[in-house]
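S.K.: Dropping a prediction and its sequence here:
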Amino acid sequence: MPWTDPKTWSVGAALPAAELNTYVRDNSNAGAPHLIVRKPSDESLSSNTTFQPDNDLILPVAANEIWEMFWLIRMVCGATGDLKMQWTFPTNGRVHMQFLGQQVGGTIAVQQVSNTTSPTGTVTMDNIDADGQVGVAHGLYIGGSNAGSVTLEWAQNASDATATTVQANSLLRAVKLA
C-alpha cells in the first residue's frame with residue numbers, strides 16, 4: 001500500500017477505524033520492515049575448519065520475501081587460520097551478493113556470491129592480521145516457497161591453534177523489499 005500523508009486530528013475528534021487503518025496500519029506497512037542485528041560479543045574458533053552458524057548474524061525470512069542485505073564482518077585471527085564463510089538459506093530461495101574485504105598489505109578481495117542452492121559457495125579472507133580486518137557483503141535474498149533464515153556460517157580456512165574470531169559489533173542490516 002502506498003504512503004498516505006499524515007492527518008492532524010483536533011482535540012476531541014473521533015478516531016474511526018477506517019482512518020486509523022489508513023494513517024496508522026497502512027503507513028506502517030508502507031515503510032519497509034527492516035532488521036538490524038549487532039553482534040554483542042566476540043565468537044571464536046580454533047583448530048576447526050568445519051562451518052558453524054554464527055550465533056547472532058541471522059536474518060529470519062518468510063516464504064516469497066525479498067530482502068536487501070548488508071553484512072559487516074569484523075574478524076581477527078592468527079598467522080595461518082584465516083577465515084572462510086558461506087551463507088545458508090531456505091530451499092527454493094536465491095542469494096546474490098558481492099563480498100569485499102581488504103587484506104594485509106592492502107590487497108582487496110572481491111568475491112561474487114550468487115547461488116540458487118544452499119549453502120552458497122565459500123568466500124575466503126586470507127592474510128588477516130592480528131589487528132583485524134573488515135569485510136562487507138551486500139546483496140539480495142529472493143525467497144521461494146519456504147520460510148527459514150539466511151545465516152552466515154564461518155570457520156577457519158586452515159586449522160590453527162590460534163583462534164579465528166568474528167568480533168563484537170559485526171552487524172547485519174536488512175530491508176524487506178517485498
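M.R.: All right, it came through fine. Residues are numbered from 1 along each chain as shown.
S.K.: Out of the helices and strands in this protein, which is least certain?
M.R.: helix 27-30 (a mean of 65; mean pLDDT, DSSP states H and E).
S.K.: Helix or strand next in line after that helix, which one?
M.R.: Using DSSP states H and E, the helix or strand that follows helix 27-30 in sequence is strand 34-38.
S.K.: can you pull the buried residues of that following strand?
M.R.: Val37 (16 or more other C-beta atoms under 10 Å). Bear in mind the C-beta positions are built from the backbone N, C-alpha and C, glycine included.
S.K.: That one pairs with which strands?
M.R.: Neighbouring strands of strand 34-38 in its sheet, by DSSP bridges, are strand 171-176 (antiparallel).
S.K.: so for the strand it pairs with, what's the average pLDDT?
M.R.: In this model, strand 171-176 has a mean pLDDT of 94.
S.K.: What residues sit buried inside it?
M.R.: For strand 171-176, the neighbour count (16+ other C-beta under 10 Å) marks 171-174, 176 as buried.
S.K.: Now tabulate these in CSV and tack on distance to Gln111.
M.R.: Output for those, formatted as CSV (distance: C-beta to C-beta, whole Å):
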residue, distance to Gln111
Leu171, 19
Leu172, 18
Arg173, 20
Ala174, 20
Lys176, 25
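S.K.: Closest to Ala62 out of those residues?
M.R.: For these, the closest approach to Ala62 (C-beta to C-beta) belongs to Lys176, at 9.1 Å.
S.K.: quick one: Val110 from Met125, how far?
M.R.: Using C-beta to C-beta, to the nearest Å, we find Val110 at a distance of 12 Å from Met125.
S.K.: quick one: Gln167 and Leu83 touch, right?
M.R.: No. The pair Gln167 / Leu83 is not scored as a contact, 11.1 Å apart, by C-beta atoms under 8 Å.
S.K.: Which of the two has more residues huddled nearby?
M.R.: Set Gln167 next to Leu83 and count neighbours by other C-beta atoms under 10 Å: Leu83 wins out with 24 against 17.
S.K.: Between Val110 and Met125, point out the one with more neighbours.
M.R.: More crowded of Val110 and Met125, by other C-beta under 10 Å: Met125, with 24 against 8.
S.K.: What ranges does this protein have for its helices?
M.R.: For the chain, applying DSSP state H gives helices covering 17-20, 27-30.
S.K.: Report the mean confidence score over the first one.
M.R.: Mean pLDDT, taken over the full extent of helix 17-20, equals 79.
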